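Colleague: Build the 3D model from these lines:
(chains A and B)
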Amino acid sequence: MNPRLRYGLFGLACLAQIAVPASLIVKHEQTRTQGTLWKFQTAPVDPNDPFRGRYVRLSFAAERDHVPFADSGMIYLRYGTRLYAELETGADGFARLTRLHLRRPARGEYLDVFMRQMQSPKREKGEAEKPGAPAAQVRLPFDRYYLPEDRAPQVEREYFDASRSARANTYAEVRVREGHAALTALVLDGKPVN
Amino acid sequence: MQKEAAWLLGELKDLIGRGVLDEAAADRLRAHYAQAAMPQGLGWGMILLAVGGAALVGLGVILIFAHNWENWTPEVRVALSLAPLVLGQLAAFHALRSGSRLWSEGAGLFTALAIGASIALVAQTYQFGGDLPRFLLIWTLLALPLVYLLDSSAAAALCWLGVLGWALVSPHEGWWGETAQDALRLPVFLLLASLPLPHLMRHIRLDRGGARVAWLLRVVLLVLVIGLAVAPNHRQFGELLFVYASMAAAAALAGRLYFSGVQGLWGNPLQGAGQLGALVIALLMTIREVWPEVDVPRSTLLLIPCALGLLALWLAAQLARREGPLLPFVLAALTPTVFALDALAPQQPALVSVLGHAYALVLAAALIRTGLHQGRLGLANEGAGLIAAVILLRFFNDDLSYIVRGAGFIVTGAGFFAANVWLRRRLRGTS
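Modeller: Have a look, this model is predicted:
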């Protein structure tokens, strides 16, 4: 290979290697500084889910709700499909996912989420299947909070207790900009985790 | 030799500049004389030290940063996350300029590790959610240029392991569900696994008996054997018998044909793994309970046994000219036999059992005969071992008393020893 070409390709490879983490940083910084602040209420984690090392595994109440799709009719989506959830603040001050879109909404506040489980419209016993918008449970794009490794086990225990007993004061602060989310703080029983 | 080789390598830049040599010829000379230019007795040892040192230093730096020191601001953490990558790139640049193989391997591996570390540490600093398949895919693709620019086999091995990691975790995370059908997962795995292959092919052409080629082949075989089991979406393990049978036959024949001068099965991973695989498949074919679980692949996976089965036939035809037709064609018949027995199994289970045993015994006979003919006790022992294993399996499999089983084990073991002694005498007699 021509030496100039080899050095040129090496330079391009180095740029690409730096560009990936750099683009993550830029996108996240933009979201942290320009995004809208939302509070996501936590839910108890699965006690069988083992401690993950240096981060606390998070679970959210919004992931347990069945969120209706904006489009009516039957929709089949695979697990993990990217969806776009409209965001609203509920009466308790926490973020709610109100509707799911298959395509990125043109306006309004929304968050990129991932398909977990479809649910047909609710019906009474013996009632025929109703036409209408199906709903789905989704996975939020933030599921862990990194901490110094010596602090993580203690915080995970506190998080587990707080999620069970003091749900109203236990939440994650998340900034959202054009669907991208940046987890900025974890608040346990009213106190931010540092 | 070392002094002359070092002098020649030092002259290459000048010779290219004067137009005496082109870059391709210089590359071939570098590869050919690289080992000779190193101090005697330290060649592979030094390379392993460089690779091991780079891996340990890289992993150590990652672990220290991953402690997530609370006193560091996000800016400091980001700078430190990118520092190993920049350091690795500087070392890689030095390796590129010097043409040193030690530096190429060490810097290639260190930089490849640092790419993954920098992404992971930035994700930790900014509290990203986990998307392991995407992370492994991006890491592997970013490390791939190092394989070719630095000619780094350590980076190639890491890329293959990255592809295997992607195949292992992607079905569970549903990453491909976002953009593509599940049917694409297997072709994508094969495509990704083929990306470092030209590097291996180049070194096979340059030095097929070298330790570098043997190590790369071991990694490729490991990645393919595990990857083909997990990459297809619907993991029906009964389909894998066809895949592994064709892989074993093709690998054993390719190893015998292209690496015949290489000493020992450890130095010839294709032949070693292929023959071991063929023995295991032949043994499985004798077990009646296996066949109801076996199912012909109905997805793109079917292309693999078809393509490798045809390749095995072609390799057998080439090999038959050199060492006779018996063993090559018995090995090549492994895949068609699996297809035929699977087709017969629902209607004729007893016949399938007989034919399965017949194939195992023919393979054993071919191994013993070829081993005796070529004066290779190991090969003949493989055949004797297969016969012993078939007999022992029958004692496990069938409803016999402990006394009969015990007696059977003793007789089989004694027979195996007797066969070994007889083979040794035969080989001494022929040599």
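
Colleague: does residue A:182 count as helix, strand or coil?
Modeller: Classification of residue A:182 by DSSP: H, G, I helix; E, B strand; the rest coil places it in strand.

Colleague: repeat for residue A:113
Modeller: Reduced to three states by three-state DSSP, residue A:113 is strand.

Colleague: Checking residue A:20 next. Helix, strand or coil?
Modeller: Strictly by three-state DSSP, residue A:20 counts as helix.

Colleague: which ones are touching it?
Modeller: The contact partners of residue A:20, taken as C-beta atoms under 8 Å, 6 or more residues apart in numbering or on different chains, are B:115, B:119, B:138, B:142. Quick note: C-beta positions are derived from backbone N, CA and C, even for glycine.

Colleague: Next one, pLDDT for the third one please.
Modeller: By that I understand residue B:138. Per-residue confidence (pLDDT) for residue B:138: 92.

Colleague: Could you measure from it over to chain A?
Modeller: 6 Å (C-beta to the nearest C-beta, to the nearest Å).

Colleague: Leaving out the residues flanking it, which one is nearest to that residue?
Modeller: residue A:20 (6.1 Å; C-beta to C-beta, 6 or more residues apart in numbering or on different chains).

Colleague: and which of the contacts of residue A:20 is nearest residue B:266?
Modeller: When these are compared for distance to residue B:266 (C-beta to C-beta), residue B:115 comes out closest, at 31.8 Å.

Colleague: so who does that closest one touch?
Modeller: By C-beta under 8 Å, 6+ apart, the neighbours of residue B:115 are A:17, A:20, B:85, B:88, B:139, B:142-143.

Colleague: Now a PyMOL select for only the buried ones of those residues.
Modeller: In PyMOL, a selection of the buried entries from the contacts of residue B:115 looks like this (16 or more other C-beta atoms under 10 Å in any protein chain shown):
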select buried, (chain A and resi 17+20) or (chain B and resi 85+88+139+142+143)
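
Colleague: circling back to that earlier point, dump the contacts of residue A:20 to TSV, plus distance to residue B:352.
Modeller: Rendered in TSV, the data for the contacts of residue A:20 read as follows (distance: C-beta to C-beta, whole Å):
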residue	distance to residue B:352
B:115	51
B:119	52
B:138	47
B:142	50
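
Colleague: which residues touch stretch B:287-295?
Modeller: Contacts of stretch B:287-295 (C-beta under 8 Å, 6+ apart): B:236-239, B:241-242, B:284, B:338, B:341-342, B:345, B:349, B:352-353, B:356, B:393, B:397.

Colleague: Buried subset of those, written for ChimeraX?
Modeller: Buried residues among these (16+ other C-beta under 10 Å), as a ChimeraX selection:
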select /B:239,241,242,284,338,341,342,345,352,353,356
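
Colleague: any idea which element the most centrally placed residue in chain B lies in?
Modeller: Nearest to the geometric centre of chain B sits residue B:221, at 1.8 Å (C-alpha atoms, centre = their mean). Using DSSP states H and E, residue B:221 maps to helix B:211-230.

Colleague: ok, now residue B:387?
Modeller: helix B:377-397.

Colleague: could you give the angle of the next helix-or-strand element following that helix to helix B:377-397?
Modeller: Using DSSP H and E, the helix or strand that follows helix B:377-397 in sequence is helix B:402-430. Helix B:402-430 runs at 170 degrees relative to helix B:377-397, counting by axes from the mean of the first three to the mean of the last three C-alpha atoms, to 10 degrees.
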